[in-house]
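Enquirer: got a predicted structure plus its sequence, pasted below:
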Amino acid sequence: MGRLFGTDGARGVANSEITCELAMQIGRAAAMVLTENLDHRPRVLIGMDTRASGEMLEAALTAGLCSVGADVLLLGVVPTPAVAYLVKAYNYDAGVMISASHNPCEYNGIKIFQSTGYKLPDALENEIEAIILDEAKVPPVMVGGDVGRVTRAKTAVDDYIKHLLSTTDVRCDGMKIALDCANGSSSVSAKTVFEALGAQCIVIADNPDGVNINKDCGSTHMGALQKCVLENGCDLGFAFDGDADRMLAVDHTGNLVDGDRAIAVCAKYMQKNGTLKKDTAVVTVMSNMGFFKFCDENGIHCERTKVGDRYVLENMLENGYSIGGEQSGHIIFLDYATTGDGQLSAIQVLKVLKNTGKTLKELADEMEIYPQVLINVRVSNYGRVRFTSDLEIKNAISRAEEELGDSGRVLVRVSGTEPLVRVMLEGKDEQKIHELGESIAEVVRERLM
């Protein structure tokens with residue numbers, strides 16, 4: 001993990017950790033690293049989610065970019081995958097998304113995409129960090145007519161919606177779908193997308209006010225969507241997170257369908273239709289044991305990566321796979337997108353439902369879910385660094401692994417986006433994994449607070 005950039009860009013409390021000064025520095029350094037070999041004036045587009053701090057950081061980033069001579073196109077509020085798509089569609093040199101994804105409104109972040117639509121690799125992030133933190137290079141300062149110019153996009157959301165609709169030929173006439181927009185980026189697009197497919201849409205959490213993003217709604221708080229599906233007799237529901245790169249679903253009975261099950265549903269359908277490249281799906285080590293069992297039973301090879309959709313994507317690109325993602329709802333359909341896209345994922349799930357004639361519940365129930373406990377322990381910044389070398393934590397993990405044996409597993413890791421240690425246990429005995437998880441979490445609290 002880098003000094004500024006975690007597994008999903010730079011992220012922290014806006015105006016405290018992600019300051020205007022830092023945003024301006026990132027803009028200057030990123031423009032230098034991404035465009036120093038260009039033979040034309042650099043062009044960078046910027047999108048953001050609905051947080052109150054978005055416009056503030058947008059202004060600072062824009063100033064930094066323009067100061068080194070980059071022209072900037074402001075997209076306004078758009079989903080993160082719209083930035084990834086439009087940077088390539090518009091033939092821009094780089095794209096920046098201002099968002100803290102599923103985090104509360106006080107957080108914000110800066111995520112950078114290359115001209116190809118893919119997130120920056122570690123090596124380029126390290127170069128940007130070295131310019132900012134070590135003054136490894138000094139970005140140029142332009143004057144006069146060489147200063148970058150700023151324009152605002154008028155059709156960004158419409159162009160992105162057209163792209164989403166182009167990925168399917170399935171109609172959803174007669175379906176009633178609930179949509180939870182998390183008071184975030186999908187508020188500008190989701191209703192239009194799914195109504196264009198013919199569905200009747202019941203939409204909640206689509207009135208962002210700058211501070212209500214992800215608040216008791218979206219893919220991190222599924223209760224509101226589950227209630228909406230049941231009360232309105234919906235066929236199913238989809239919840240997105242603040243920047244709409246994640247999707248979790250709810251079947252018609254109100255049951256949660258997480259990323260693992262959504263990937264399982266789509267991968268099996270793709271395999272039967274010859275579009276699952278190399279008969280392989282890519283997931284992280286956090287995926288449920290039931291997913292791996294499902295793959296074995298259906299002749300699907302499963303690749304496992306460390307946590308973070310960037311690592312899933314790296315594996316997919318390196319090996320030529322077509323689907324991958326995370327239990328949290330980041331799902332990458334590489335035939336259509338360069339990053340996780342919540343609305344695209346929902347469209348692909350609907351394609352499976354319509355073409356198989358089955359309900360989401362019928363399809364999702366084909367994958368057994370093993371009981372799982374996830375405990376997030378807040379730690380100090382020093383504690384995050386000390387985690388990997390603490391012997392008492394290692395011993396607590398070893399004791400739990402020995403007690404579970406082959407009937408479960410233990411995964412304890414530092415979050416890439418928050419000051420947390422995540423303690424995850426999985427196994428057939430739900431009471432036992434809860435007890436063992438709490439015992440590990442207690443040791444983490446004692447050692448790393």
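Expert: The structure has been received and is ready for your questions.

Enquirer: please count neighbours and contacts with C-alpha atoms only from this point.
Expert: Fine.

Enquirer: any regions of this structure where pLDDT drops low?
Expert: Residues of the chain that meet the criterion pLDDT under 70 lie in 1-2.

Enquirer: roughly how far apart are the closest residue to Gly109 other than its chain neighbours and Glu36?
Expert: Using C-alpha to C-alpha, 6 or more residues apart in numbering and skipping the chain neighbours, the partner closest in space to Gly109 is Arg11 (4.0 Å). Remark: distance between Arg11 and Glu36 (C-alpha to C-alpha, to the nearest Å) = 25 Å.

Enquirer: hang on, the earlier thing: after the strand or helix carrying the residue nearest to Gly109, which helix or strand is next?
Expert: Using DSSP states H and E, Arg11 sits in strand 9-13. Using DSSP H and E, the next helix or strand after strand 9-13 towards the C-terminus is helix 20-35.

Enquirer: list of residues touching that following helix?
Expert: 42, 56-57, 60-68, 70, 93-94, 110, 114, 124, 127-128, 131-132, 139-140 (C-alpha atoms under 8 Å, 6 or more residues apart in numbering).

Enquirer: the more surrounded of Arg11 and Glu36?
Expert: More neighbours surround Arg11 than the other of Arg11 and Glu36, with 25 against 12 (other C-alpha atoms under 10 Å).

Enquirer: thought that one was touching Asn103?
Expert: No - taking contacts as C-alpha atoms under 8 Å, Arg11 lies outside contact range of Asn103: 9.7 Å.

Enquirer: Asp235: what's it in contact with?
Expert: So Asp235 contacts Met175, Lys176, Ile177, Val229, Asp251, His252, Thr359 (C-alpha under 8 Å, 6+ apart).

Enquirer: what's the most distant pair in the residues you listed?
Expert: Val229 and Thr359 (13.9 Å; C-alpha to C-alpha).

Enquirer: which neighbours do those two share?
Expert: Counting by C-alpha under 8 Å, 6+ apart, the residues touching both Val229 and Thr359 are Asp235, Asp251.

Enquirer: more crowded one of the two?
Expert: Between Val229 and Thr359, counting by other C-alpha under 10 Å, Val229 is the more crowded of the two (25 against 16).

Enquirer: surely the more buried one and Ala239 touch.
Expert: No - counting by C-alpha under 8 Å, Val229 sits too far from Ala239 to count as a contact (11.2 Å).

Enquirer: any chance of the backbone angles for Met367?
Expert: With angles defined as degrees, to the nearest 10, Met367 sits at phi -110, psi 120.

Enquirer: now do the closest residue to it other than its chain neighbours against Ile369, distance only.
Expert: Nearest residue to Met367, sequence neighbours excluded (C-alpha to C-alpha, 6+ apart): Phe294, at 5.7 Å. As judged by C-alpha to C-alpha, Phe294 and Ile369 stand 10 Å apart.

Enquirer: which parts of stretch 23-41 are buried?
Expert: Neighbour counts over stretch 23-41 (16 or more other C-alpha atoms under 10 Å) mark 23-35 as buried.

Enquirer: should've said stretch 303-319
Expert: In terms of neighbour count (16+ other C-alpha under 10 Å), stretch 303-319 has its buried residues at Glu303, Arg304, Thr305, Val307, Gly308, Asp309, Arg310, Tyr311, Val312, Leu313, Asn315, Met316.

Enquirer: could I get the full set of helices for the stretch 201-350 of the chain?
Expert: For the stretch 201-350 of the chain, applying DSSP state H, counting those that start in this stretch gives helices covering 223-232, 259-272, 289-297, 309-319, 342-356.

Enquirer: okay, the angle between the last one and helix 259-272?
Expert: This means helix 342-356. On the basis of axes from the mean of the first three to the mean of the last three C-alpha atoms, to 10 degrees, helix 342-356 is oriented at 50 degrees to helix 259-272.

Enquirer: in helix 342-356, which residues are buried?
Expert: Going by 16+ other C-alpha under 10 Å, helix 342-356 has these buried residues: Gly342, Gln343, Leu344, Ser345, Ala346, Ile347, Gln348, Val349, Leu350, Lys351, Val352, Leu353.

Enquirer: give me the contact list for stretch 334-352.
Expert: 80-81, 84-85, 117-119, 164, 167-168, 170, 172, 186, 190, 238, 240, 244-247, 262, 265-266, 269, 309, 313, 316, 321-323, 325, 329-333.

Enquirer: now the buried members of those residues.
Expert: Buried among the contacts of stretch 334-352 (16+ other C-alpha under 10 Å): 80-81, 84-85, 117-119, 164, 170, 172, 186, 190, 238, 240, 244-247, 262, 265-266, 269, 309, 313, 316, 321-323, 325, 329-333.

Enquirer: which parts of the protein belong to which domain?
Expert: The chain resolves into domains spanning 5-154, 167-364, 372-448 when parsed by automatic domain parsing.

Enquirer: what's the end-to-end length of the last one?
Expert: Read it as domain 372-448. 24 Å.

Enquirer: ditto for the second one
Expert: With C-alpha to C-alpha as the measure, domain 167-364 spans 22 Å from end to end.

Enquirer: and what of the first one?
Expert: Between the opening and closing residues of domain 5-154 lies a distance of 31 Å (C-alpha to C-alpha).

Enquirer: count of residues packed around Asn395?
Expert: When neighbours are counted by other C-alpha under 10 Å, Asn395 registers 13.

Enquirer: which stretch of helix or strand covers it?
Expert: Assigned by DSSP H and E, Asn395 belongs to helix 391-404.

Enquirer: circling back: and Tyr160, which of the domains of the chain is closest to it?
Expert: domain 5-154 (5.7 Å).

Enquirer: roughly how far out does that closest one sit from the chain middle?
Expert: Distance, stretch centre to chain centre, for domain 5-154: 18 Å (C-alpha atoms, centre = their mean, to the nearest Å).

Enquirer: Met97 is in contact with Ile112, isn't it?
Expert: Yes - in this structure, Met97 is within contact of Ile112 by C-alpha under 8 Å, at 6.4 Å.

Enquirer: in the stretch 51-200 of the chain, which spans are helices?
Expert: 54-67, 80-89, 122-133, 156-165, 190-196.

Enquirer: please identify the most buried of the ones you listed.
Expert: helix 80-89 (a mean of 24; mean count of other C-alpha atoms under 10 Å).

Enquirer: residues making contact with it?
Expert: Here helix 80-89 makes contact (C-alpha under 8 Å, 6+ apart) with 44-49, 93-97, 99, 113-118, 156-157, 160, 185, 243-245, 337-341.

Enquirer: with just CA atoms, put it into CSV.
Expert: Provided in CSV are the C-alpha atoms of helix 80-89 (Å, rounded to 0.1, in the frame of the first residue of the first chain):
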residue,chain,number,x,y,z
THR,A,80,-17.2,6.3,-11.1
PRO,A,81,-17.5,3.9,-14.0
ALA,A,82,-18.7,6.8,-16.2
VAL,A,83,-15.3,8.4,-15.7
ALA,A,84,-13.6,5.2,-16.7
TYR,A,85,-15.8,4.9,-19.8
LEU,A,86,-15.8,8.5,-20.9
VAL,A,87,-12.0,9.1,-20.6
LYS,A,88,-11.6,6.5,-23.4
ALA,A,89,-14.8,7.4,-25.3
